[in-house]
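Q: what's the 3D shape of this:
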Amino acid sequence: MTFIADILLVAGAMAAALYCFVLSRRLRKFTDLENGIGGAIAVLSAQVDDLSIALRRAEKSTAASADGLASQSQSAEAAAKRLELLMASLHDLPEPKEIETPIDPFFVRKASMSEKVR
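A: Numbering: from 1, shown residues only. The predicted structure follows:
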């Protein structure tokens, strides 16, 4: 009986050793930096770094654009206030007198002396 138990124990140990061997080979392939998931993780990590740098640049340019837009908006509001003031001051002017329009819109030159003598 002990002999059968020893054979089963050795068979179980050999099965565990084979399982560990297969598992170690799979883990080596899994963590391989060139072909496995480790390589994909390394590439993704580099892309995350690049994207975070691009995001920081975009935030800086957005902040600069927002500042420029705010200053332009303020100057436009100031110009609008000045235009409103000018328009209001135009209402205080007296009404213009009506200008007589000439009957004949063409310019007629005075007759010269030589033409009068004829």
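
Q: separation between residue 78 and residue 25?
A: 75 Å (Cβ to Cβ, to the nearest Å). Glycine gets a C-beta too; all of them are placed from N, C-alpha and C.

Q: Oh, that last question was meant for residue 93, not what I typed.
A: For residue 93 relative to residue 25 (Cβ to Cβ), the value is 97 Å.

Q: More neighbours: which of these two?
A: Neighbour count, other Cβ atoms under 10 Å: between residue 93 and residue 25, residue 25 has more, with 10 against 7.

Q: what helix or strand does the more buried one sit in?
A: Residue 25 belongs to helix 2-30 when assigned by DSSP states H and E.

Q: tell me the mean pLDDT over the host helix or strand of residue 46?
A: Here residue 46 sits within helix 37-90, counting by DSSP H and E. The pLDDT scores in helix 37-90 average 92.

Q: Between helix 2-30 and that helix, find me the angle.
A: 40 degrees (axes from the mean of the first three to the mean of the last three Cα atoms, to 10 degrees).

Q: how close does residue 19 sit to residue 82?
A: Using Cβ to Cβ, which is the criterion applied here, residue 19 is 86 Å from residue 82.

Q: I appreciate the help and will end here.
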